[in-house]
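Asks: turn this into a structure:
(chains A and B)
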Amino acid sequence: MNNIVVLPLIIPMFTGLLLAFFRKNIILQRTLSLASLVAVIGTTLYLVGQVRNEGIQILEIGGWQAPYGIVLVADMFSVLLVLTASVVSALCILFAFQTIGVQREQSYFYSLFQFLLTGVNGSFLTGDIFNLFVFFEVMLLASYVLLSLGGTKRQLKATIKYVVINSLSSTVFLLGVAYLYAVLGTLNMAHLSVRVAEVGQSGFLTVVAFIFMIVFSLKAALVLFFWLPESYSAPPTAIASVFAALLTKVGIYALFRVFTLIFYHQPEITHTLLGVLAALTMILGSIGAVAYRDIYRILVYNVIIGVGFIVVGLALFTEQAAMGSLYYLLHDMVAKALLFLLGGIIITVAGSEQLKRMGGLIRHYPLLGWSFLVTLFALGGIPPLSGFPGKVLILQQGLAKGVQYAGFNWLTALALISSLFVLFSLLKIFILAFWGETRPGSNAEIKNINGLLVPCVGLLALSIFLGVGAEILYPYVEQAGYSLLNPQLYIEAVLAR
Amino acid sequence: MSWLHLLILSPFIYTILIPFLYKSFRRIHTGWFVLPLPLILFACLIKQVKIVAKGSVLSYVARWIPSLGIDFVVYLDGLSLMFGLIITGVGALVVLYSVFYLAKEREALHNFYVYLLLFMGAMLGLVFAENVLVLYLFWELTSISSFLLIAFWYQRKSSCYGAQKAFMITVAGGLAMLAGVLLLANITGTFSIQEMISQFSLIRNNPTFIAAMLLLLLGAFTKSAQFPFHIWLPDAMEAPTPISAYLHSATMVKAGIYLIARFTPIFGGSMLWFWLVTGVGLLTLFWASLVAIRQVDLKAMLAYSTVGQLGLIICLLGIGSAAFYYGTGVTEPLYTTAILAAIFHLVNHSTFKGCLFMVVGIIDHEAGTRDIRRLGGLLNIMPVTFTLAVIGGFAMAGLPPFNGFLSKEMFFTGVLNASQFGIFHLETWGKLIPVVAWIASIFTFVYCLIFVTRPFLGKHHPQKLEKITREAHLGMLISPALLASLVILFFFFPNDLAKYILYPTMAAILPGFTAIDSGLGPIRAWHGWTPELFMTLGVVTAGLVVYFAFRKWPRIIRLPSRFTWNALYDGILEKTEELSGRVTGSYMTGRLRDYLIYIFVGFIILTAGTMVINGSFAFDLTTNSPVLFYEFVLFFVVIGAAVLVLRGRTRLASVVALGVVGYLIAGFYVILRAPDLALTQIVVETVTTVLFLLCLYFLPRWNEEKPEGFRRFDFVIALGVGLTVTSLALAASGNNLFDSISWFYEQAYELAGAKNIVNAILVDFRGFDTMFEILVLCIGGLGVHTLIKLYLEGRKSK
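Replies: Numbers count the residues shown, from 1 in each chain, chains lettered A, B, ... in the order given. Below you'll find the predicted structure:
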């Protein structure tokens, strides 16, 4: 039992509630939201140390013994995601301070931001499948409101689709939980794992596994990403960045959790299907990324490619591949947030989302341009930046497994080619926006963007650290990969007394 | 960290200073600050020549990610040393040249030298890296710095185009190479090149051998601009000329050659490797020299000539790889001459081509154009430049007394030897190699002649030029002159070069090779009336004929002009964008209905399909309680009400019907004896119905919307979803595999002191859920508030 486990989600929740009462006091709002994030980062860092030294940490809420009560479980996989999510949120909120505007700030923006983080961190930490549903709801509701906050026509159009599709997926989630409970009689994930292992994952349980795969694929934007492009390009940059960095990652996390802890007995069926979905995602994402010439669309399809790439690691289903996915997940959170922030700044200074209305920005905004270039290299997996370690691990495992099953070779090839599409599509932005002739009129006045670049540089430093400092992270990532592929560790931590 | 690490990293560290130096000392050309660095590095490496010539190799380790086996290991042997010397040596000359080439008043010199130093460091890292992933790192870094340098004049569209093209092709090749080395690493369990080489037999017997080879070669061929990937190199000529001389002729494009040489001990001896490397090299040589003679831009001509010369070197390496047919590599001259020729020509090419590029730079700088149709008669104006052009050009053509003659003769020896190997079907097809090589050499001779004669001889047309032409500044002549003197020096003292540079390099490629018992005689300019000499004489004769014929009938050499590889590349790019736009647009319709259909169809296929396939759709109703009459009634009324929701004529009717469905569900709860659920349901239903009715007040009038017809497809899907969910529920209830944990909650009173089990679950056992569900409601409330209050765009007033 460790009470610290609950702090990463309870701190933002209470902060959010508190802030709702002081909505006119912007200084207080900003101070408190930043303080809350710093506190979350601090406690999570402490938690990471504890997990490293003492193994998986759990908290049985209300003192009710698992599997009867709700339990929070902090294993290395979870805490690393919580940590990264919180750090990225902190940097995005620094950006929001300068860009989000007084009106949104006075309309509960900071509360909603804290609630979003509550949902995200809660999803990462819970060990109960129904509780996961609840945290998904917290996260989704917060994202609905953040998406529509401001009430512009574009936002509302995007929100209605986003809300309908996500409500549908929540319904299917609930159905899945109900069926699972009907069959296995429990909701605790460790307990579910034990019971599935006992009866074997066959027949109807495969069907239930597929229901969860559909639900989490919808959240992760794995093949079912139709809701994503519009809803990630409608809100203000600070919000879009948090969405791009965190929301799909929660879905990916859930896929990893469920398909390594509960439904891992028939990888030839479930994980093969995941591989197919990952392949489709990378193909469709790559096609989408090169199809357009406006910044937001290119960026959102890059989010989708990243999702496919990470799930390849799950489909491969080896310890090394899981480690690769985790490395890549951490990288992707940082780099996608950075990409969206930079994209937002580009649009601001150029005054348009269309690449054809841009040009020559490097002359007046060199730091912006070079940051963007480094970010795109990081996303393309070019060493020694953050995308590299994960990419190498995944590709290497893909090729190793390809010796036995040729399908994995194709998957690896797709993963490799998709990074070419990432580079191509983002390079197009760089070349068309930053190089070429300066457009007359488009940037008549040179805007001061130094303040906006502060969080970007922070994220950039983080991205470089994740690559150059891969060795420092290694023991943590290794522990996470090991515990993912050895579910008995999780089960023992939760159920053994 | 060792001195060698420091040597590689020093250019990177130095880049940090450049912007400051540029800003602080605007009156001094930044190039002067940069120049000492390559000179110092060159001196450091020169000191190693004697040690390496004695046969020792140096290796140092710096840890990076040891847990993944990725360490920054550097390795200095003959091969890497030779490259290191070229990189730093030519680098120093290029920096010197650039000081006079780029005006300090107009150009963004800090950018230029930062990119240049980035490249220098990357290239040094590439050749000294012993770990394949570190090699890959520097490999991509050279592509990146090349990308930046090509687009140094980023305002120009053609620069951006060339930069993008070069980057995409070389990076695509880099990714292929990454996959290739990862395959090798999977076989051998190491990322170290030397350890891989020591396990070569393991690699050769592995089923992924061919795949690894092809992927690796893809990397090498793209980087070294081999056919059909050569198309990026001519467009890379948009870079400032010093860069073209440095990256795109002397160093970066030779990275592919380096890679092939480095991995020859692993792949050499395989027939596929032999034919691929030899064949592609030869084909490139042939194709590029054919295209080169048609160029009117001097720089484009040199670009194609570089492509061809690289092909020549690669072809020789391919022939030499046959030495590994017999295990670890034989060292008989029959095989090794080709490798020696490859290395020799590589060194020579760096000298004469560097010189020629600088000559073009001078012409461009002084005359304002590189177009041979506008140039002519420069001989009298620029005699020094002409001399340099002659030295470089004739060396490239393979004429004495220049170093190109020696290596060209050796090239002929190499291709002639190939047919005598008696392996790889060479006894038949091998005859073709010298023939193609000879024809390609004729064209090489022709374009060399064009290069030397067209700008300098003939009539001078000042009216075609934009500025008054004079001889270049002395500073600009130093670098090419130094290179030209090397061209002559190597001709007269080839054996000293061989002893210190070429043989150690060979030893690095061929493990058993030693200079003493190599059987290779000293390199001589005159070696009797050999077939090689006759081939050279033939080249000169035939070349002169073609040259004059070509001047008279320029169309004598027709190339297929409609189909070009460039058009293919451009077409692919254009088509990809167009096609992908169409593909994406076809399913991303922006219509919610379509998206829901995708989801529902996926849901039905995946769940219902699986149930049918694995036969898990089984349920047993016997244990269920019997269905009562009232339940049947409720059931049908619910269905009726649901239909009414959809078919309602007015909104009001639909909302009321929806309310009816809700209340009837509450009825089920009553029958099933769940009064608290029923109460909750009734309250919720009442509130939502009232809210709906309130909302109706604000909506536009009904008849303003289009009436929807009956959609059969939608109906089928809706029905399918309903049936699937129902059968899933039935199957789930028929599949109770375990006792539920709910027995625990039945002790609610003992455990929690609660008489109402539902309350105990909601507020105690699972109170955590409830708390966050309340938060969800709270967020929902905030959402409604913001939707009503905050509208940034403004709203039409009623």
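
Asks: which parts of the stretch 201-350 of chain B sit against chain A?
Replies: B:207-208 (Cβ under 8 Å from any Cβ of the partner chain). Any C-beta I mention is one placed from the backbone N, CA and C, and that applies to glycine too.

Asks: okay, now the unreliable bits of the stretch 201-350 of chain B?
Replies: Residues of the stretch 201-350 of chain B meeting the criterion pLDDT under 70: B:327-329.

Asks: so what's the closest residue to chain A within it up against?
Replies: Residue nearest to chain A within the stretch 201-350 of chain B: residue B:208 (6.6 Å; Cβ to the nearest Cβ). By Cβ atoms under 8 Å, 6 or more residues apart in numbering or on different chains, the contact set of residue B:208 is A:399, A:403, B:183, B:186-187.

Asks: what is the nearest of these to residue A:267?
Replies: residue A:403 (16.7 Å; Cβ to Cβ).

Asks: ramachandran angles for that closest one?
Replies: Phi and psi for residue A:403, reported as degrees, to the nearest 10, are phi -60, psi -40.

Asks: pretty sure it contacts residue B:209?
Replies: No. Counting by Cβ atoms under 8 Å, residue A:403 does not reach residue B:209; the two are 11.8 Å apart.

Asks: higher neighbour count, those two?
Replies: Set residue A:403 next to residue B:209 and count neighbours by other Cβ atoms under 10 Å in any protein chain shown: residue B:209 wins out with 20 against 15.

Asks: and the spatially closest residue to the more buried one that is not a sequence neighbour, what helix or strand is that in?
Replies: Excluding the flanking residues, the one nearest residue B:209 by Cβ to Cβ, 6 or more residues apart in numbering or on different chains is residue B:203, at 6.0 Å. Using DSSP states H and E, residue B:203 maps to helix B:200-204.

Asks: now the element after that helix, going C-ward?
Replies: In the C-terminal direction from helix B:200-204 (assignment by DSSP H and E), the next one is helix B:209-223.

Asks: residue B:489: what secondary structure?
Replies: helix (DSSP: H, G, I helix; E, B strand; the rest coil).

Asks: list the contacts for it?
Replies: Here residue B:489 is in contact with residue B:403 (Cβ under 8 Å, 6+ apart).

Asks: which ones are touching the residue nearest the centre of chain B?
Replies: When Cα atoms, centre = their mean is applied to chain B, the residue found nearest the centroid is residue B:171 (1.2 Å). For residue B:171, the contact set (Cβ under 8 Å, 6+ apart) comprises A:380, A:420, A:423, B:140, B:143.

Asks: chain neighbours aside, what residue packs nearest to the third one?
Replies: It stands for residue A:423. residue A:380 (4.0 Å).

Asks: repeat that for residue A:169.
Replies: Leaving out its chain neighbours, the residue that sits closest to residue A:169 by Cβ to Cβ, 6+ apart is residue A:218, at 4.0 Å.

Asks: what's the answer for residue B:297, then?
Replies: Closest to residue B:297 by Cβ to Cβ, 6+ apart is residue B:370, at 5.3 Å.

Asks: that neighbour and residue B:244: what is the separation?
Replies: Distance, residue B:370 to residue B:244, using Cβ to Cβ, to the nearest Å: 11 Å.

Asks: the two - which one has more neighbours?
Replies: Per other Cβ under 10 Å, whichever of residue B:370 and residue B:244 has more neighbours is residue B:244, with 28 against 22.

Asks: which outside residues touch whatever helix or strand that one lives in?
Replies: Taking DSSP H and E as the definition, residue B:244 sits inside helix B:241-245. Applying Cβ under 8 Å, 6+ apart, the set of residues contacting helix B:241-245 from outside is B:90, B:94-95, B:97-98, B:101-102, B:116, B:149-150, B:152, B:236-237, B:299, B:302-303, B:353-354, B:357-358, B:360-361, B:364-365.

Asks: sorry, back to before: what's the closest of the contacts of residue B:208 to residue A:89?
Replies: Using Cβ to Cβ, the contacts of residue B:208 come closest to residue A:89 at residue A:399, 35.8 Å.

Asks: check which residues of the helix or strand where the closest one lies are buried.
Replies: For residue A:399, the element it lies in under DSSP H and E is helix A:387-402. Buried positions in helix A:387-402, judged by neighbour count with 16 or more other Cβ atoms under 10 Å in any protein chain shown: A:387-402.

Asks: can you give me the helices in the stretch 351-500 of chain B?
Replies: B:383-397, B:403-418, B:426-429, B:432-453, B:474-492, B:494-497 (DSSP state H, counting those that start in this stretch).

Asks: chain neighbours aside, what residue packs nearest to residue B:76?
Replies: With Cβ to Cβ, 6+ apart, the residue lying closest to residue B:76 is residue B:58, at 4.2 Å.

Asks: how about the residues of the stretch 1-150 of chain A by chain B?
Replies: Checking the stretch 1-150 of chain A against chain B by Cβ under 8 Å from any Cβ, the hits are A:13, A:17, A:20, A:61-62, A:64, A:67-70, A:101, A:103-104, A:107-108, A:111-112, A:115, A:118, A:122, A:130-131, A:134-135, A:137-138, A:141-142, A:144-145, A:148-150.

Asks: take the residues you listed and keep only those in helices.
Replies: Among these, the residues falling in helices (DSSP state H) are A:13, A:17, A:103-104, A:111-112, A:115, A:118, A:122, A:130-131, A:134-135, A:137-138, A:141-142, A:144-145, A:148.

Asks: helices of the stretch 201-350 of chain A, start to end?
Replies: Going by DSSP H, counting those that start in this stretch, the stretch 201-350 of chain A shows helices at A:204-220, A:228-233, A:237-242, A:248-257, A:270-291, A:295-316, A:319-350.

Asks: and those as CSV, adding mean pLDDT?
Replies: Shown next, in CSV, are the helices of the stretch 201-350 of chain A (pLDDT from 0 to 100):
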stretch, mean pLDDT
helix A:204-220, 94
helix A:228-233, 92
helix A:237-242, 95
helix A:248-257, 96
helix A:270-291, 95
helix A:295-316, 95
helix A:319-350, 95
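
Asks: mind splitting chain B into its structural domains?
Replies: B:1-191, B:242-519, B:561-588, B:593-618+B:709-735, B:627-704, B:746-798 (automatic domain parsing).

Asks: quick check, nearest of the buried residues of helix A:387-402 to residue B:43?
Replies: residue A:388 (33.8 Å).

Asks: what sits against the closest one?
Replies: So, once contact is read as Cβ under 8 Å, 6+ apart, residue A:388 ends up touching A:381-382, A:467, A:470, B:137.

Asks: pull the most distant pair out of those.
Replies: That would be A:382 and A:470, which, of the contacts of residue A:388, are the farthest apart (Cβ to Cβ) at 13.9 Å.

Asks: and the contacts of residue B:208 as JSON lines, adding distance to residue A:198 and pLDDT?
Replies: Putting those into JSON lines (distance: Cβ to Cβ, whole Å; pLDDT from 0 to 100) gives the following:
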{"residue": "A:399", "distance to residue A:198": "36", "pLDDT": "94"}
{"residue": "A:403", "distance to residue A:198": "33", "pLDDT": "87"}
{"residue": "B:183", "distance to residue A:198": "40", "pLDDT": "95"}
{"residue": "B:186", "distance to residue A:198": "36", "pLDDT": "94"}
{"residue": "B:187", "distance to residue A:198": "40", "pLDDT": "94"}
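
Asks: nearest residue to residue B:368 other than its sequence neighbours?
Replies: In space, residue B:368 is closest to residue B:466, 4.2 Å off (Cβ to Cβ, 6+ apart).

Asks: the one you found: how many residues sit nearby?
Replies: Neighbour number of residue B:466 under other Cβ under 10 Å is 10.

Asks: does residue A:327 touch residue A:471 like I think?
Replies: No. With contact defined as Cβ under 8 Å, residue A:327 does not reach residue A:471; the gap is 11.7 Å.

Asks: more neighbours: these two, which one.
Replies: residue A:327 (31 against 16).

Asks: report the contact partners of the nearest residue to the more buried one once chain neighbours are set aside.
Replies: Leaving aside its sequence neighbours, residue A:327 sits nearest to residue A:390 (Cβ to Cβ, 6+ apart; 3.4 Å). By Cβ under 8 Å, 6+ apart, the contact list for residue A:390 reads A:313, A:324-331, A:381.
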